[in-house]
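Engineer: fold the stuff below for me.
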Amino acid sequence: MSKPSLGRSFVLMVGLALALMVTPAFADSQVRIVRLSNVEGTVQVDRNAGKGYENAFLNMPMVEGMKLATKDNGRAEVEFEDGSTLRITPKSSMEFTKLSLRDSGGRVSTLTLRTGQAYVNYLAKQKDDEFTLAFSNETVPLTRPVHFRLDVDASDAVLSVFKGDLEVQSASGPVNLSKNNSATFDLLGGDKYTVAKNIEEDPYDAWDRQQVKYQQEYASKGSYSNYPYGYGVSDLNYYGSYSNIPGYGMMWQPYFTDVGWSPFADGAWMFYPGFGYTWVSAYPWGWMPYRYGSWSLVPGYGWMWAPGAFGGGWYTVPRLTNPPNRFPTPRPPQQGSGTVVVGRPVVTAGGPARRVLVQNGTAGLGIPRGTVSNLGKVSHEVQRSGFATVRTAPPARGMGMGSPGFGSSAAGSTRPSSGASHVSSGASHVSSGSTGGGHMSTGGGRTGGSSGGHSAPPGRPR
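Structural biologist: Numbering: from 1, shown residues only. The predicted structure is shown next:
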């Protein structure tokens, strides 16, 4: 083999140097996921997979380049890693322009509100994070905790600050707004703005306050707090409880489960360009237990989740520790890119149920978050009596909305198997002073099944 010439060696060295120079750019764009944490009414997403808009699913991972849109009766909420939230109301369109992770660990989030209304409650828990909301020719970089509302239509935009302060970078110059101030931007007149020392009340403000109260009330109610992330923690504390199990350590379990319940009975496989199919749980608490940690079938307790595995990535396929022999563990589709529904997910059509039949095996399905006080007490009653009828608290705004859950965009079947893949990324009245109130009546006799009428074995797709 001939020796490389001096010129060729120089070219190779230059190429290597250029490759080393661009490496940080790739490392600075590590994949991130945030959580679609609430779906009410008709909500759609564009996964940037060439399929256009399709029905949104509760607990969907939202990644860079995706779009979120609501129809006439739709509302949605997105939770970020630190517990910050974005909410959009009917007839709104939001684009997740950038969701990346810097080498330093700082998260970069840029969201663009194309039209409609958005509420942002930014917690600013990590100083290296960059969070920006854009609209028209304006940007709102957030560096401190702030809670605000943004309304955008074809002719103007109104930004109203409920708490904290912020600066809008506008074509007409910087605009500083503090608590109870608002600014109106003329989008057809050179983005000129006017500032008012007041905020006009909006019909959806009550809904936003209700959701903020729920998040704040349940964020720290659990007996386990070693989470590096904030998204999903409030739902874990509301819909279940922790136990220190000998030989297992601290474990979490949802209320309303029995020996026949499987954490993989209800959900869907959704395809994401770049990393394939990921499991999306239908349960209202079903975010963190399927992205991190592992599930175990604990003798005498049933299925329980062990928190952990938070460093270095997140699971697309739920992880099991020592599953029982012949247990049909979850397996993603081997080909295709369509959504494959498993079990009987909650459909988003129609209004929220004011009365919910709760049985063991339902694991919280059908109970909108925060609408029933002290679910732990209700769970004990269900274990004793077999079932209970719960009257949920009304929503903050009286209008027909869909119950949180899945859409019905597709259906199919999959074969179960073991294994997980990992994506790198950086008759009583119940009242305990929580956000929701509800009445409960119990019935005799243990039913053991879910109100959804599951007939297939636990974990097996139908």
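Engineer: list the buried ones in stretch 73-91?
Structural biologist: Neighbour-count burial for stretch 73-91 flags 73-90 (criterion: 16 or more other Cβ atoms under 10 Å). C-beta here means a position set from N, CA and C on the backbone, and glycine is covered the same way.
Engineer: tell me the mean pLDDT for it?
Structural biologist: In this model, stretch 73-91 has an average pLDDT of 97.
Engineer: show the end-to-end separation of it, please.
Structural biologist: 8 Å (Cα to Cα, to the nearest Å).
Engineer: how far off centre is it?
Structural biologist: A distance of 9 Å separates the centroid of the chain from that of stretch 73-91, by Cα atoms, centre = their mean, to the nearest Å.
Engineer: from what I can see Leu99 touches Asn48, true?
Structural biologist: No - judged on Cβ atoms under 8 Å, Leu99 makes no contact with Asn48 at a distance of 11.6 Å.
Engineer: hang on, the earlier thing: which of the buried residues of stretch 73-91 fall within strands?
Structural biologist: Arg75, Ala76, Glu77, Val78, Glu79, Thr85, Leu86, Arg87, Ile88 (DSSP state E).
Engineer: same list (those) but as TSV, adding distance to Ala265.
Structural biologist: Converted to TSV, these look like this (distance: Cβ to Cβ, whole Å):
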residue	distance to Ala265
Arg75	27
Ala76	25
Glu77	25
Val78	26
Glu79	24
Thr85	28
Leu86	30
Arg87	29
Ile88	30
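Engineer: which stretches of the stretch 101-250 of the chain form strands?
Structural biologist: Counting by DSSP state E, counting those that start in this stretch, the stretch 101-250 of the chain has these strands, from start to end: 107-122, 130-135, 138-142, 146-152, 156-164, 166-170, 173-177, 182-186, 192-196, 240-245, 249-254.
Engineer: okay, the ones you listed, which one's buried deepest?
Structural biologist: Of all those, strand 146-152 has the most neighbours on average by mean count of other Cβ atoms under 10 Å, namely a mean of 22.
Engineer: direction included, what does that one pair against?
Structural biologist: strand 107-122 (antiparallel), strand 156-164 (antiparallel) (DSSP bridges).
Engineer: for the closest residue to Ser93 other than its chain neighbours, what are its contacts?
Structural biologist: Nearest residue to Ser93, sequence neighbours excluded (Cβ to Cβ, 6 or more residues apart in numbering): Arg114, at 4.2 Å. Residues near Arg114 by Cβ atoms under 8 Å, 6 or more residues apart in numbering: Ser93, Met94, Glu95, Phe135, Val152.
Engineer: ok, Val212 - contacts?
Structural biologist: Thr85, Asn121, His147.
Engineer: show me which of those is closest to Trp305.
Structural biologist: Thr85 (23.1 Å; Cβ to Cβ).
Engineer: look up which residues are beta-bridged to that closest one.
Structural biologist: Residues in beta-bridge contact with Thr85 (DSSP bridges): Glu79, Asn121.
Engineer: pLDDT score for Tyr315?
Structural biologist: At Tyr315, pLDDT is 92.
Engineer: now swap in Pro394 and tell me
Structural biologist: 69.
Engineer: just the one 3 residues further on next, same as before
Structural biologist: According to the prediction, Arg397 has pLDDT 58.
Engineer: before we move on, what about Thr23?
Structural biologist: On pLDDT, Thr23 comes in at 29.
Engineer: list the contacts of Asp117.
Structural biologist: Check again: residue 117 is Gln, not Asp. Ile88, Thr89, Ser92, Arg149, Leu150, Asp151, Val152, Asp202, Tyr204.
Engineer: quick check: closest non-adjacent residue to it.
Structural biologist: That would be Thr89: by Cβ to Cβ, 6+ apart, it lies 4.5 Å from Gln117.
Engineer: ditto for Lys197
Structural biologist: Lys197's closest residue in space is Asn181 (Cβ to Cβ, 6+ apart), at 6.0 Å.
Engineer: and that neighbour, what does it touch?
Structural biologist: Ser160, Val161, Val195, Ala196, Lys197, Asn198, Ile199 are the contacts of Asn181 under Cβ under 8 Å, 6+ apart.
Engineer: the residue lying closest to the last one once chain neighbours are set aside and Ala134: what is the separation?
Structural biologist: The spatial neighbour of Ile199 that comes closest, neighbours along the chain excluded (Cβ to Cβ, 6+ apart), is Ser160 at 4.4 Å. Look at Ser160 and Ala134: by Cβ to Cβ, to the nearest Å, they are 17 Å apart.
Engineer: what do you get for Gly260?
Structural biologist: Separation of Gly260 from Ala134 (Cβ to Cβ) stands at 49 Å.
Engineer: ok, now Pro289?
Structural biologist: Going from Pro289 to Ala134 by Cβ to Cβ gives 33 Å.
Engineer: do Lys213 as well
Structural biologist: Per Cβ to Cβ, Lys213 is found 28 Å from Ala134.
Engineer: least confident secondary structure element in this structure?
Structural biologist: strand 428-430 (a mean of 33; mean pLDDT, DSSP states H and E).
Engineer: returning to that earlier point: ok, now which ones touch the residue nearest to Gln117?
Structural biologist: Counting by Cβ under 8 Å, 6+ apart, Thr89 has contacts Thr70, Arg75, Gly116, Gln117, Ala118, Tyr119, Tyr204, Trp207.
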